[in-house]
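Engineer: Any chance you can model this:
(2 chains)
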Protein chains: 2
Amino acid sequence: MFAVIMAGGKGSRFWPRSREKMPKHLLDIQGERTIIRETVDRIRPLVPPERTLIVTGRSHAAELIRQLPEIPAENILIEPVGRNTAPCIGLAALHIQKRVPDAVMLVLPSDHRIGDEITFRRVLDAAGKVAAGGNSLVTIGIRPTGPETGYGYIEQGDPFPAGGDGEIRRVRSIREKPSLEQAREFLRQGRFLWNSGMFVWKASTILSAIERFLPELHAGLLQIREALGTEREEEIVGEVYSAQKAVSIDYGVMEKAEDVLVVPGDFGWSDLGSWDALWEISEKDGNGNVARGGLIGIDAFDSLVHSPGKLVALVGVRDLLVVETDDALLICRRGQSQDVRKVVEILERKGLKEYL
Amino acid sequence: MFAVIMAGGKGSRFWPRSREKMPKHLLDIQGERTIIRETVDRIRPLVPPERTLIVTGRSHAAELIRQLPEIPAENILIEPVGRNTAPCIGLAALHIQKRVPDAVMLVLPSDHRIGDEITFRRVLDAAGKVAAGGNSLVTIGIRPTGPETGYGYIEQGDPFPAGGDGEIRRVRSIREKPSLEQAREFLRQGRFLWNSGMFVWKASTILSAIERFLPELHAGLLQIREALGTEREEEIVGEVYSAQKAVSIDYGVMEKAEDVLVVPGDFGWSDLGSWDALWEISEKDGNGNVARGGLIGIDAFDSLVHSPGKLVALVGVRDLLVVETDDALLICRRGQSQDVRKVVEILERKGLKEYL
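Structural biologist: Residues are numbered from 1 along each chain as shown, chains lettered A, B, ... in the order given. Model (predicted):
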């Protein structure tokens, strides 16, 4: 089994720590290790570094190599521009197929948080076996813990194999991020899982699916395949990417394909998508505070303080997200961290590049 | 006329900007100039640098000299330990009397904010004339703008001179910081002024009053007078100070003396005693925010941001005091900045000297 880690994210929601040069997955937001470091370490018992590929943008490759010295340089795949997940996965599939024609590939986002790593690997292993045994597109669904509107949902259908009594099911439908009302209805119905963005399939299977549902992308991938390992590889990848539309694998393939399976998982998953999410999943002190860096709290509750190396005193405040870096400071009401993107937009509009 | 600026304050309420080594009056909290710089500049049309004395602690003298190069070094008087205002004023009176036996001295705190400097100087000039013409202790009273509980109050009595129709009055009583109820009653009665801590008198007059009401202090001052200008001056000042009790001129003299006059003033006075006070007196933007340093506000109101050199983004917050320095960050609910002292107490208790 190969692993493909998609590390193309910008992570502007983690401003001011995340920057154009330093997206979320390259940061140690949650602990000692950076998020990509944790992701690589987590799958290592299943997939060794030689079979772990990372797809990223040119400006982040050097930092990735620095953080992950055990990953061979040829396993870092550069996307000249971001075109969402479908081209990214297609490009990785080409590389894997070239090495081991019938390999199974595990596709993972770079920036998730997993609470229970043992169960996580057990689920991936089971999904890998199913993928290896046929030509299904296998996705990992997360048992929802609430009516989240920030995630897509997967509707489970019949058991797989037919008449079986295991947990694997056929996918009946894939739904975009719902309204709160819809999300509540999904939870009530009980057969919906969160779409984790994690997939397992044979490289040949996903390339066939791309050929069927995204023929323009497939044509581009064929051009790239011809150029792989030649002097013209970088040039051709650049041409193909610039000609592609951005399309997600969910929208482009998964929602249309028929032989899609879902393996449910229950391993403390979070997409760690915002400072709010970080507070939610972090262990709190007796006052509900989460502090990275020294904190002196006086009448201070339910707040996140991310200020490595600077003492922070909170007096008479609650429900704040406080994030401090060398050149910028964010103070955000807890529950409103989706608006951090607006700060980044203002910085872009004002041309304040040094803060981006 | 001589001026004496009392610069012994610690200003822990302005933590984290104010530190043991850098009390409030040495900081540029409000504008371009430091507070002591503003104080000296403000009186300069009345009192030139050669006649301006500054009383301070040993650890702040070098910084004072750096900030105020025009003040002659012999005008910087060092107190070996702080003993509140009575010894400070007595020491300054000795020095002044030695130079000009019958000089009038104007006593000013180092850290006040004055909105209308022209009126301020006019009031001081009037007070100086009254002080020069007799043996009264003259104090400056501020017309109250609200029932402040953080200030002392001066009760006005009969006009001075008797039967006159000017604004100068005899002082009937001096009151410590009142309860809110008392403060409201003071305002209702209309004859109370805030005690500004600014005084004008002859050096000889205040020394006589100290002799009468604080005989132990006076005895010590006589010892110091003998030693002034000799090799033993520093040693004797040290001995005398260590033997004195801390006592304020208000409690030790003004509340007991009979010939006390008050000149009312109305010149935008504030003791600038806290981050809350700084927000109150500062010009706000359309959202009620006061920013020193770059501010990006999204749904952010009525806050103070003091972060020279670092960009601050406020998202979804209101009524915050945000103060950022190289090594510490304070985030305090507006209206609660008196509790900043508690932070300093905790730092002292924990032995975190580097933040004090």
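
Engineer: per-domain residue ranges of chain A.
Structural biologist: Under automatic domain parsing, the residue ranges defining each domain of chain A are A:2-270, A:275-355.

Engineer: my read: A:Q336 touches B:G316, true?
Structural biologist: Yes: under the contact definition of C-beta atoms under 8 Å, A:Q336 touches B:G316, with a separation of 3.8 Å. To be clear about C-beta, it is placed using only N, CA and C from the backbone, and glycine gets the same treatment.

Engineer: Could you save the domains of chain A as TSV and add columns showing mean pLDDT, mean neighbour count and distance to B:V290?
Structural biologist: As requested, the domains of chain A are exported to TSV (pLDDT from 0 to 100; neighbours: other C-beta atoms under 10 Å in any protein chain shown; distance: least, C-beta to C-beta, whole Å):
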stretch	mean pLDDT	mean neighbour count	distance to B:V290
domain A:2-270	94	19	21
domain A:275-355	94	19	15
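
Engineer: do you know which of these lies nearest chain B?
Structural biologist: Each of these was checked against chain B via C-beta to the nearest C-beta, and the shortest separation belongs to domain A:275-355, namely 3.3 Å.

Engineer: With distance to B:D250 as new columns, can the domains of chain A be given to me in JSON lines?
Structural biologist: Below are the domains of chain A laid out as JSON lines (distance: least, C-beta to C-beta, whole Å):
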{"stretch": "domain A:2-270", "distance to B:D250": "48"}
{"stretch": "domain A:275-355", "distance to B:D250": "30"}
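
Engineer: so which of these gets nearest B:R58?
Structural biologist: Of all the domains of chain A, it is domain A:275-355 that lies closest to B:R58, at 27.2 Å by C-beta to C-beta.

Engineer: Okay, and A:I331 sits in which element?
Structural biologist: Using DSSP states H and E, the secondary-structure element containing A:I331 is strand A:328-333.

Engineer: Note down every partner strand of that strand and its orientation.
Structural biologist: Paired strands of strand A:328-333, with direction, are strand A:320-324 (antiparallel), strand B:311-315 (parallel) (DSSP bridges).

Engineer: ok, and the closest non-adjacent residue to A:L94?
Structural biologist: Take A:L94 and drop its neighbours on the chain: the residue closest to it by C-beta to C-beta, 6 or more residues apart in numbering or on different chains is A:R225, 5.2 Å away.

Engineer: Including distance to A:L187, could the strands paired with strand A:328-333 go into TSV?
Structural biologist: Output for the strands paired with strand A:328-333, formatted as TSV (distance: least, C-beta to C-beta, whole Å):
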stretch	distance to A:L187
strand A:320-324	27
strand B:311-315	29
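
Engineer: wait, which of those is closest to B:S196?
Structural biologist: Counting by C-beta to C-beta, B:S196 lies closest to strand B:311-315 out of the strands paired with strand A:328-333; the figure is 33.8 Å.

Engineer: Each with direction, which strands does the host helix or strand of A:L77 pair with?
Structural biologist: Assigning secondary structure by DSSP H and E places A:L77 in strand A:76-79. Strand A:76-79 has its sheet partners listed here by DSSP bridges as strand A:52-57 (parallel).

Engineer: what sits up against the partner strand?
Structural biologist: Counting by C-beta atoms under 8 Å, 6 or more residues apart in numbering or on different chains, strand A:52-57 makes contact with A:2-8, A:36, A:40, A:43-44, A:64, A:68, A:71, A:75-79, A:81-82, A:88, A:91-92, A:95-96, A:110, all of which sit outside it.

Engineer: Now, these that are in helices?
Structural biologist: Counting by DSSP state H, the members of the contacts of strand A:52-57 that fall within helices are A:36, A:40, A:43, A:64, A:88, A:91-92, A:95-96.

Engineer: Show me where chain A has its helices.
Structural biologist: Remark: helices of chain A, listed N- to C-terminal, are A:35-43, A:58-67, A:85-99, A:117-132, A:180-189, A:203-213, A:215-227, A:233-243, A:249, A:275-281, A:340-349; assignment by DSSP H.

Engineer: so what secondary structure elements neighbour the shortest one?
Structural biologist: Going back to what we said before, that points to helix A:249. Counting contacts by 3 or more C-beta pairs under 8 Å, 6 or more residues apart in numbering or on different chains; DSSP states H and E, helix A:249 is packed against helix A:85-99.

Engineer: What parts of the stretch 151-300 of chain A come near chain B?
Structural biologist: Those residues of the stretch 151-300 of chain A that sit near chain B, judged by C-beta under 8 Å from any C-beta of the partner chain, are A:296, A:298-299.

Engineer: Just name the closest of the residues you listed to B:R122, please.
Structural biologist: Comparing those against B:R122 with C-beta to C-beta places A:I298 closest, at 43.2 Å.

Engineer: Please verify my assumption that the closest one contacts A:R318.
Structural biologist: No: under the criterion of C-beta under 8 Å, A:I298 lies out of contact with A:R318, with a separation of 11.8 Å.

Engineer: Extract the C-alpha set from stretch A:123-131 and format it as PDB.
Structural biologist: Taking only C-alpha atoms (Å, rounded to 0.1, in the frame of the first residue of the first chain), the coordinates of stretch A:123-131 have been written out as PDB:
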ATOM      1  CA  VAL A 123      -9.900   1.200   9.700                       C
ATOM      2  CA  LEU A 124      -7.400   2.100   7.000                       C
ATOM      3  CA  ASP A 125      -6.100  -1.400   6.900                       C
ATOM      4  CA  ALA A 126      -9.600  -2.800   6.500                       C
ATOM      5  CA  ALA A 127     -10.300  -0.300   3.800                       C
ATOM      6  CA  GLY A 128      -7.100  -1.200   2.000                       C
ATOM      7  CA  LYS A 129      -8.000  -4.900   2.000                       C
ATOM      8  CA  VAL A 130     -11.300  -4.100   0.400                       C
ATOM      9  CA  ALA A 131      -9.800  -1.800  -2.200                       C
END
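
Engineer: Please enumerate residues in contact with it?
Structural biologist: Stretch A:123-131 is touched from outside by A:1, A:43, A:46, A:104, A:106, A:136, A:138, A:140, A:160, A:168, A:198, A:200-202, A:205, A:261, A:263-265, A:267, with contacts defined as C-beta under 8 Å, 6+ apart.

Engineer: same check, this time on stretch A:336-355
Structural biologist: When contacts are defined by C-beta under 8 Å, 6+ apart, stretch A:336-355 is touched by residues A:12-16, A:19, A:274-276, A:321, A:327-328, A:330, A:332, A:356, B:296, B:298-299, B:311, B:313, B:315-316.
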